[in-house]
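Asks: Generate coordinates for the sequence data below:
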Amino acid sequence: MDISLASMDDSPTTPLKAFATFLIRHHSDQLRSIAHSPDPKLHYPLFVEFAELMDDDPPLARLLFSRPTDYLRIFDDAAVWAHMIILGDSKGSMNGVKKDFIHVRINVTGSPLEFPETFPSIGSVRVKHHGVLLTLKGTVIRSGTIKMYEGERWYICRKCKHKFPVYPELETRNSIQLPSFCPSQRSKPCEGKSFECLEGSVVRHDYQEIKIQESTQVLGVGSIPRSVLVILKDDLVDLVKAGDDVIVTGVLSAKWSPDLKDVRCDLDPMLIANHVRRTNELKVEVDIPDDIIMKFTQFWSNFKDTPLKGRNAILRGICPQVFGLFTVKLAVALTLIGGVQHVDISGTKVRGESHLLLVGDPGTGKSQFLKFAAKLSNRAVITTGLGSTSAGLTVAAVKDGGEWMLEAGALVLADGGLCCIDEVDSMREHDRATIHEAMEQQTISVAKAGLVTTLSTRTIVFGATNPKGHYDPEQPLSVNTTLSGPLLSRFDIVLVLLDTKNPEWDAVVSSHILYESEQEKGKRDNDLSNNWPLTMLRRYIQFVKGYFRPVLTQEAEQIISNYYQLQRRSAMDNAARTTVRMLESLIRLAQAHARLMFRNEVTRLDAITAILCIESSMMTSALVDSVGNALHSNFTENPDEEYAKQETLILDKLKSVDE
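Replies: Below is the predicted model:
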């Protein structure tokens, strides 16, 4: 870099001078921080807001957008030049160290580059986007190893002694092409053709290849998600891993595909990244205005005396096309909201996410609930057991260009969100065994093709399965579903939906379906007391998850403890699930119900509701005599009065534990 500075004259070119002036005026703090860093060999990022550059110097911003390959290099030189000026001005006040490598990183947040015209989806990238500053959004599905490659090197013309840099061409696999004659811009051309590489002038860079794929949430039915290769260099390497949501700004280029016998060699698109932003922290957030929060507060104020009636009004908005199934809708809400993750002093984590399994006859609405739950989650992956393998669910090792890489599966891509698995019974036993660790420890340990690592899977698993033949209540759940006991024990709630062909129930359901079709012709009521639309439900679930961290009261702890002891004493067909995991499930469900009720405290109501959910998971109940079929559970007119009766019954039976 000494050569670069030496080649500058006292009056630098206009773009370089303009940008250096901009950096000194607006980013002097970053420049001082870089100067204060001790290691001169590192590559340092200098973050610049594109919107700020547009306000300060619109022509320079337009040049950067239209010719980023040239101007990003000029900006890097300007950053080093501005750094030298800051370093010279501050010599007396601080011990600064001269840096040779400073890279300007352009953040397009809040600028016109976030508009759809300049922010296309990965599948919409075309030739017209080549060579401009492009921003793409996607999920990292593959992450390569970090390599080192030779970047620019400096040459000198033997005839006129002109020094000039030569940059590698990524399109031709980082090969360096020397110019055909001397590039010096003198009044009389040199036309020299003999060049010599200057000793010690080669600049080496860290280099990593990742692949990002467009989110399935924004795709229509039948669309195949597209992916694009992304090149990370210097300070950008090792910033992201498989499963991360990212927004990448860079220059769209292409490279020749590997030479294969009898296969045409094509240009594969790639994005040379300039700025990478992880959005994992934002993926669970929804824009919730203050007026919407006031609506939530007012809603619970209206139902202060009848809180369960207010809760049921919210639950009616879950999968409204399916009549009744109160127990299932409550379970879906508690699963999506989840509890609070607990970490003890030794660092051991107890997950806060809950898992739900629906076991039922065909036509009982299982898939409808899966699809609706996916709509309620900001990050969701839907798959079926018949079309999924262990590698597709967890992580696969793929060979690309002679190098092994890890490619994220469904559970990794759903990290921080929801993974819906339909037809769990269609999966092979080996494939079902691979998700045990992902559900309980929320990690996937991989040892494939010499790649040994651990990936994060902090996801909610929502599964659905058909019983094996006719469901026999006398047999354990594992026999009726062909699912192993260890796998069943990882689901917090397992609900059985049996089609018992009840004529009265069939008449009520048919009337509801016909009434719903008539309602579609009219307008929906916007009053939250009667109707919770999908968008409002999404906002409510995300708000209570982010805002409330409920803690158990002493009374709730006592109720949960007594129930757990009662279950351990009784010899039930669900003995495989009556373990410490059940106790953890009770706590998670009680915390989720407190969040659903807009509270930061787990009360007796929440504890007993969690117990009722667990009881509904069992065909034979230790406390409630009339659990019945979850398929026929319906909303009651006076839920608060109904709960008071159940509470008295449960508390009376739990007293026997203390006695």
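Asks: switch to C-alpha atoms for all contacts and neighbour counts from now on
Replies: Will do.
Asks: counting contacts, what elements does the helix or strand containing residue 654 pack onto?
Replies: In this assignment (DSSP states H and E), residue 654 forms part of helix 639-658. Helix 639-658 sits against helix 307-315, helix 554-569, with contacts defined as 3 or more CA pairs under 8 Å, 6 or more residues apart in numbering; DSSP states H and E.
Asks: Comparing these, which comes out most buried?
Replies: Of all these, helix 307-315 has the most neighbours on average by mean count of other CA atoms under 10 Å, namely a mean of 20.
Asks: got the CA coordinates for that helix in CSV?
Replies: Output in CSV follows, covering the C-alpha atoms of helix 307-315 (Å, rounded to 0.1, in the frame of the first residue of the first chain):
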residue,chain,number,x,y,z
PRO,A,307,-60.3,-13.3,31.1
LEU,A,308,-60.9,-16.7,29.7
LYS,A,309,-63.7,-15.3,27.5
GLY,A,310,-61.1,-12.9,26.1
ARG,A,311,-58.6,-15.7,25.6
ASN,A,312,-61.2,-17.7,23.7
ALA,A,313,-61.9,-14.8,21.5
ILE,A,314,-58.2,-14.9,20.5
LEU,A,315,-58.2,-18.6,20.0
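Asks: And that helix, how far out from the chain middle?
Replies: 30 Å (CA atoms, centre = their mean, to the nearest Å).
Asks: Any buried residues in the helix holding residue 654, and which?
Replies: 639, 646, 647, 650, 654 (16 or more other CA atoms under 10 Å).
Asks: From residue 559, how far out is the last one?
Replies: Okay, so that is residue 654. 7 Å (CA to CA, to the nearest Å).
Asks: Please apply the same query to the third one.
Replies: Residue 647 sits 11 Å away from residue 559 when distances are taken as CA to CA.
Asks: Need the residues touching each of those two.
Replies: Residues touching both residue 647 and residue 559 (CA atoms under 8 Å, 6 or more residues apart in numbering): residue 608.
Asks: what are the phi and psi angles of residue 34?
Replies: phi -60, psi -40 (degrees, to the nearest 10).
Asks: And for it, nearest residue in space, chain neighbours not counted?
Replies: Once flanking residues are discounted, residue 34 sits nearest to residue 44: 7.1 Å by CA to CA, 6 or more residues apart in numbering.
Asks: Tally up the residues packed near the one you found, please.
Replies: 21 (other CA atoms under 10 Å).
Asks: Double-check it against residue 105; I have them as touching.
Replies: No. Counting by CA atoms under 8 Å, residue 44 does not reach residue 105; the two are 9.9 Å apart.
Asks: Need the contact partners of the helix holding residue 654.
Replies: Against helix 639-658 from outside (CA under 8 Å, 6+ apart): 306-309, 559, 562-563, 565-566, 608, 623-624, 636.
Asks: what angle separates that helix from helix 554-569?
Replies: 60 degrees (axes from the mean of the first three to the mean of the last three CA atoms, to 10 degrees).
Asks: quick one: which of the helices and strands packed on helix 639-658 has the weakest pLDDT on average?
Replies: If you rank the helices and strands packed on helix 639-658 by mean pLDDT, helix 554-569 sits at the bottom with a mean of 83.
Asks: how far does that helix sit from the chain's center?
Replies: On the basis of CA atoms, centre = their mean, helix 554-569 is displaced by 36 Å from the centre of the chain it belongs to.
Asks: which element follows it toward the C-terminus?
Replies: helix 580-596.
Asks: Does anything pack onto that next one? Which helices or strands?
Replies: So helix 580-596, by 3+ CA pairs under 8 Å, 6+ apart, packs with helix 326-337, helix 534-547, helix 554-569, strand 601-602, helix 604-616.
Asks: export these to JSON lines and tack on distance to residue 264?
Replies: Listed next are the helices and strands packed on helix 580-596 as JSON lines, based on distance: least, CA to CA, whole Å:
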{"stretch": "helix 326-337", "distance to residue 264": "49"}
{"stretch": "helix 534-547", "distance to residue 264": "48"}
{"stretch": "helix 554-569", "distance to residue 264": "66"}
{"stretch": "strand 601-602", "distance to residue 264": "65"}
{"stretch": "helix 604-616", "distance to residue 264": "60"}
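Asks: Which stretch among the helices and strands packed on helix 639-658 approaches residue 511 most closely?
Replies: helix 307-315 (20.2 Å; CA to CA).
Asks: got any ranges where the stretch 301-450 of the chain has weak pLDDT?
Replies: 385-391, 400-402, 429-431, 449 (pLDDT under 70).
Asks: quick one, strands of it?
Replies: Here the stretch 301-450 of the chain has its strands, by DSSP state E, counting those that start in this stretch, at 342-343, 349-350, 356-360, 380-384, 395-400, 403-408, 418-422, 443-448.
Asks: Kindly report the domain assignment for this structure.
Replies: Here the domain parsing of the chain from the TED database is 9-107, 318-348+550-658.
Asks: Switch those domains over to JSON lines; also include distance to residue 272.
Replies: Converted to JSON lines, those look like this (distance: least, CA to CA, whole Å):
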{"stretch": "domain 9-107", "distance to residue 272": "10"}
{"stretch": "domain 318-348+550-658", "distance to residue 272": "38"}
